[in-house]
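Enquirer: When you get a sec, could you give me coordinates for this:
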Amino acid sequence: MDKPQERAPDGAEAPADERARVVELVRELNRHNHRYHVLDAAEIPDHVYDQLYRELEALEARFPELKRADSPTLRVGGTPVSELQPFVHDVPMLSLQNAFGAEELREFDARLRRLLGDDAPPALPYVVEPKLDGLAMELVYEDGVFVRGGTRGDGQVGEDVSHNLRTIKTVPLSLATGAPARLAVRGEVLFDLAGFEEMNRRREAAGDRRFENPRNSAAGTMRQLDGRLAADRPLRFFAHSVGVVPVGISSQSELLRSFAEWGFQVNPHNRVCLGLEAMLEAVFDLEKRRPELPYEIDGAVVKVDTLRLQDALGFVTRSPRWAVANKYPPPRVRTVLEGVLFSVGRTGAVTPVACLTPARVGGVTVSRATLHNSDELRRLDLRIGDTVEIERSGDVIPKVVQVVPDADHAARTPVSYPATCPECGSALVQEAGEAAIRCGNGFGCPAQVRGAILHFGSRTCMEIDGLGEKLVDQLVDTGLVKRPSDLFRLDLPALVGLDRMGQQSATKLVAAIHASRGRSLDRVLMALGIRHVGESTARDLARHFGTLERLRAAGVTELAGVSGVGEVVAAAVASFFAEPAAQAELDALTAVGLRFEPVMGGAPAVNTLGGRTFVLTGTLPTLSRDEAKRRIEAAGGKVVGSVSKKTHYVVAGAEAGGKLEKARELGVEVIDEVALVTLLEGA
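Expert: Numbers count the residues shown, from 1 in each chain. Next comes the predicted model:
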C-alpha cells in the first residue's frame, strides 16, 4: 500500500520544479483524457495514466495551493453543495419550433425563401444534427478554463450544476490553444445507453431500483447536490451551439469544427447539406440509423448553415426562424406476449398489463406494457404467444401497438378479463358507457386500500411525510390500516414493530399524521379519492359550501350549480356521499379529530388575476409546481390541466412538452416564471 503523502507545513511554498510538474501533469492528463473519452484514440495504457494521476494527486495533497481549476482530480466529485444556485444566461437559450415529416420541412424551406426574398441563394445551405434526447446545458469558459455551467431552465435562468459538469469525462476542463477568451458553449448532457444498462445491472445487484428512463435519469443526476453521484454515472456532453458566436466564425458547420478543435465532443452524425432535397435525405437517413445509435435521439435539428442568412431571418417570439426540430415518431420493436396480468388501481379499475419477452425500445429494456382497458384488448385481439409491436408512447410509457399477424394466431388462447378481482375475488362490474371494468369491493380489496392510503397521504392531499409505498404495504398486509381513518389510530409500539421502522422514524410519522388533522376541507376532499374530483374541483366545492356538513347534504342539482362542476361530476360527488361506507368513513375521520378547515375566505384574498386560466408545464427555475399553483389561485386565477382556446396563459419552464406545442398551435400566450411573478404582483 502506498504511504500517505504528508502535507507540507503551513506557509511552506512549493518548489518551482514541483509547480512546473503540476502544470505539466494537468496538461498531459487532460490531453490523454480527451483522446480516450472523446477521440477514442488512447496513446498510453491505463496503468501509465493511473501512475501520472496518482503523482498529481500526491503533489496536490502536499501543496493544496497548486490544485488548478482544470485539474482532472476534480472529476471525482468534491464536497456536496448545500443547494443549487440560479444560473443566469447572458444570452437567452431559445427553444425550437417543431416539424413533423417531409411536408412540413418543405414548408419550412419555402417559408425561409419567402422571408429572404431576393437574398435567397438557389439552394439554401443547411446543417442537419441529431436532436439529442438529454438535458440542455450551457458551459462557460474564461481564458480557456471551465468556470461554471447550468441548465437551460426557462431560457433566462437555470440552475448552476457546475459541480456535476466537472465530473463528466467529455466536458473539457481546459480548452486547446486558439479558443476564445470567453466562450459560452451550449449542448446536451445524456446517458451512454450501454453504460446506462451496465449501471442498472449494478444497481439491481446492490438491491437498488432500476432507472427506467435515460433522459429523466440524466436530468435527475445533474440536479443532485453531491457531485460524486454524477461522477459514478456514464454521462456525456455534446456541444452544438454558443451564446455569442466567436469572432471569425461565419457558419454553423465552421462552429462545429471549431468545437472539435477546442476539445469538445461533437456529434459524428452532423451533416452539411446544400438544398432542400439533400436536407430531407439527411433527416430521414438519420431516422433509419436511430436504432443503432449509442444514445437516444428523438428527431433531427435543421439549421441554416450561413450565419449571415441566420441574422437576416431573425427570430419569432422565443424561437429562431432559421432552425426547426423535426420530431420522429416513437420507435417500435417486436417482441412476444408471454402473458397478461391484471392490476387493480386505487379506484378499483382493473387494468391489463402485457408481460413481454424483454426488448429494448428507445434505449430502455421493456418487459411490461399497458393494455389500457377491455376495449383495447378487443381491438388488438391479443393471444398468448403472439408477436406484438411495442413503442414508448411519448417516448416514455410502453404500450402494445398491434399484433403481428401469423398463421398460428387464431389457434392461440385469446386474452380475456377475469370474472373476479385478482386481489380480493369480488365480482368485476362494468358501468354503462365506460370502458373501465372495476372491482366494487372498495375498502374490502387490499389493492384499493393500498392505493387509497398512498393517495390519502400524498403531498397534494394530506401531506403525511414518511408514508411511502413499502410502509403502506406493511400497514395493509398486517391489518393495521384498512381505511384512511385507521392511520390516526397508529401509535409508536405498533409502528416500531414494522420492518425498517425505528423509534425516530415512527415518532416522525406519528407527528406527521397528527399534523395532517388540520388540513383544509378541499385537501381532505382530494384525499378521499372521489371520482372526477381533482384539486381545482375540490377547491371549488370547498369554497362554495364552506363546511363538510353542507356539502354532504347537497343534492345533484345544487352540486351542478357550483362553478366548474358539471352534471357528471355532480352525480359522482352525490353518489359518493350517499354510499354507506363513505358516510361511515367520514364519521370516523371526524371522530379521530380531522377538522375539515374551511378554505381561507371562500374567495381569493387578492384578485390581481381576475379569474384568468393558467396551464403549467415544465420545470420553473425557482417555484415548484404546487407553489406556482397556490400563488395563482390565491390571486384569483385558476390552474387547469389542459390547454384550450379558453386558456389565458401557458406558464412554460424547462423541458416543457406537448402543452407548450398545443399553446403555440392555438395561439395561447406563453409566459415564463418572471412574467408570471409580474402578473401575480399586479404589475
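Enquirer: can you count the residues close to P86?
Expert: Residues lying near P86 (other CB atoms under 10 Å) number 13. From N, CA and C alone the C-beta is placed, and that goes for glycine too.
Enquirer: And it, its phi and psi?
Expert: The phi/psi pair for P86 (degrees, to the nearest 10) reads phi -60, psi 150.
Enquirer: do the same with L492
Expert: Dihedral angles (degrees, to the nearest 10) for L492: phi -60, psi -50.
Enquirer: Give me the secondary structure label for the nearest residue to it once chain neighbours are set aside.
Expert: Once flanking residues are discounted, L492 sits nearest to A506: 5.2 Å by CB to CB, 6 or more residues apart in numbering. Secondary structure for A506, judged by DSSP: H, G, I helix; E, B strand; the rest coil, is helix.
Enquirer: residue contacts, A506?
Expert: Going by CB atoms under 8 Å, 6 or more residues apart in numbering, A506 touches L492, L495, V496.
Enquirer: Tell me the one of those nearest S624?
Expert: Closest approach between the contacts of A506 and S624, by CB to CB: L495, at 29.1 Å.
Enquirer: Need the three-state assignment for the closest one.
Expert: Put simply, L495 is helix when judged by three-state DSSP.
Enquirer: what's the closest of the contacts of A506 to G345?
Expert: So of those, ranked by how close each gets to G345 (CB to CB), first place is L495, at 26.5 Å.
Enquirer: Would you mind measuring from the nearest residue in space to that closest one that is not next to it in sequence to D491?
Expert: Once flanking residues are discounted, L495 sits nearest to A506: 3.8 Å by CB to CB, 6+ apart. Distance of A506 to D491, computed by CB to CB, to the nearest Å: 9 Å.
Enquirer: do I671 as well
Expert: From I671 across to D491, the span is 49 Å (CB to CB).
Enquirer: One more: A419?
Expert: 41 Å.
Enquirer: Out of the contacts of A506, who's the most crowded?
Expert: L495 (22 neighbours).
Enquirer: now, which of the contacts of A506 sits nearest R664?
Expert: Closest to R664, out of all of the contacts of A506 and judged by CB to CB, is L495, at 50.7 Å.
Enquirer: so where do the strands sit in the stretch 151-300 of the chain?
Expert: Under the criterion DSSP state E, counting those that start in this stretch, strands of the stretch 151-300 of the chain are mapped to 157-159, 182-191, 235-242, 271-274, 297-304.
Enquirer: now swap in the stretch 501-650 of the chain and tell me
Expert: Under DSSP E, counting those that start in this stretch, the stretch 501-650 of the chain gives strands at 613-617, 638-639, 649-652.
Enquirer: Which one of those strands lies nearest to E261?
Expert: strand 649-652 (35.7 Å).
Enquirer: Which SSE is immediately downstream of that closest one?
Expert: Scanning forward in sequence from strand 649-652 by DSSP states H and E, the next helix or strand is helix 658-666.
Enquirer: Now that following helix: buried residues?
Expert: For helix 658-666, a neighbour-count test (16 or more other CB atoms under 10 Å) marks K659, L660, K662, A663, R664 as buried.
Enquirer: likewise stretch 143-155?
Expert: Quick answer for stretch 143-155 (16+ other CB under 10 Å): G144, F146, R148, G149, G150, T151, R152, G153, D154, G155.
Enquirer: can I have the helix or strand hosting the fourth one written out in CSV, keeping just the CAs?
Expert: So that's G149. Element membership for G149, per DSSP H and E: strand 145-151. Written as CSV, here are the backbone C-alpha positions of strand 145-151 (Å, rounded to 0.1, in the frame of the first residue of the first chain):
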residue,chain,number,x,y,z
VAL,A,145,-10.7,27.2,-18.3
PHE,A,146,-14.2,25.9,-17.4
VAL,A,147,-15.6,28.2,-14.7
ARG,A,148,-19.3,27.4,-14.4
GLY,A,149,-22.3,25.7,-16.1
GLY,A,150,-26.0,25.5,-15.7
THR,A,151,-29.3,24.0,-17.1
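Enquirer: Kindly tell me how buried the spatially closest residue to E138 that is not a sequence neighbour is, as a neighbour count.
Expert: Sequence neighbours aside, R186 is the residue nearest to E138 in space, at 5.1 Å (criterion: CB to CB, 6+ apart). Residues within reach of R186, counting by other CB under 10 Å, total 17.
Enquirer: who are the neighbours in contact with R186?
Expert: So R186 contacts M93, A136, M137, E138, L139, A239, H240, S241, V242, G243 (CB under 8 Å, 6+ apart).
Enquirer: for the last one, what are its contacts?
Expert: Residues counted as contacts of G243 (CB under 8 Å, 6+ apart) are H89, D90, V91, M93, E138, A184, R186.
Enquirer: do the same with the fifth one
Expert: Applying CB under 8 Å, 6+ apart to L139 gives the contacts F146, R148, G149, L165, V171, A184, V185, R186, G187, F237.
Enquirer: Go through the contacts of A506 and say which is closest to P446.
Expert: For the contacts of A506, the nearest to P446 is L495 (19.6 Å; CB to CB).
Enquirer: Quick check, the closest one in contact with Q504.
Expert: No: counting by CB atoms under 8 Å, L495 stays clear of Q504, with 11.0 Å between them.
Enquirer: Among the strands of the stretch 151-300 of the chain, which one carries the weakest average confidence?
Expert: Between these, the one with the least mean pLDDT is strand 157-159; it has a mean of 87.
Enquirer: Just the mean pLDDT for stretch 562-580, thanks.
Expert: 89.
Enquirer: quick one on the thing from earlier: show me the two of the contacts of G243 that sit farthest apart.
Expert: It's D90 and R186 that sit farthest apart of these, by CB to CB, at 11.7 Å.
Enquirer: what bridges to L428?
Expert: Here L428 shows beta-bridge partners C439, assigned using DSSP bridges.
Enquirer: Tell me who's in contact with it.
Expert: L428 makes contacts with V350, Y417, P418, A419, T420, C421, I437, R438, C439, as judged by CB under 8 Å, 6+ apart.
Enquirer: Can you pull up the most central residue in the chain?
Expert: Most central in the chain under CA atoms, centre = their mean is N216, positioned 4.6 Å from the mean C-alpha point.
Enquirer: Kindly provide the distance from it to R392.
Expert: Distance of N216 to R392, computed by CB to CB: 12 Å.
Enquirer: repeat for R166
Expert: Plainly put, R166 is 32 Å away from R392 if you go by CB to CB.
Enquirer: burial count for V599?
Expert: When neighbours are counted by other CB under 10 Å, V599 comes out with 20.
Enquirer: cool, and F284?
Expert: Using other CB under 10 Å, F284 has 17 neighbouring residues.
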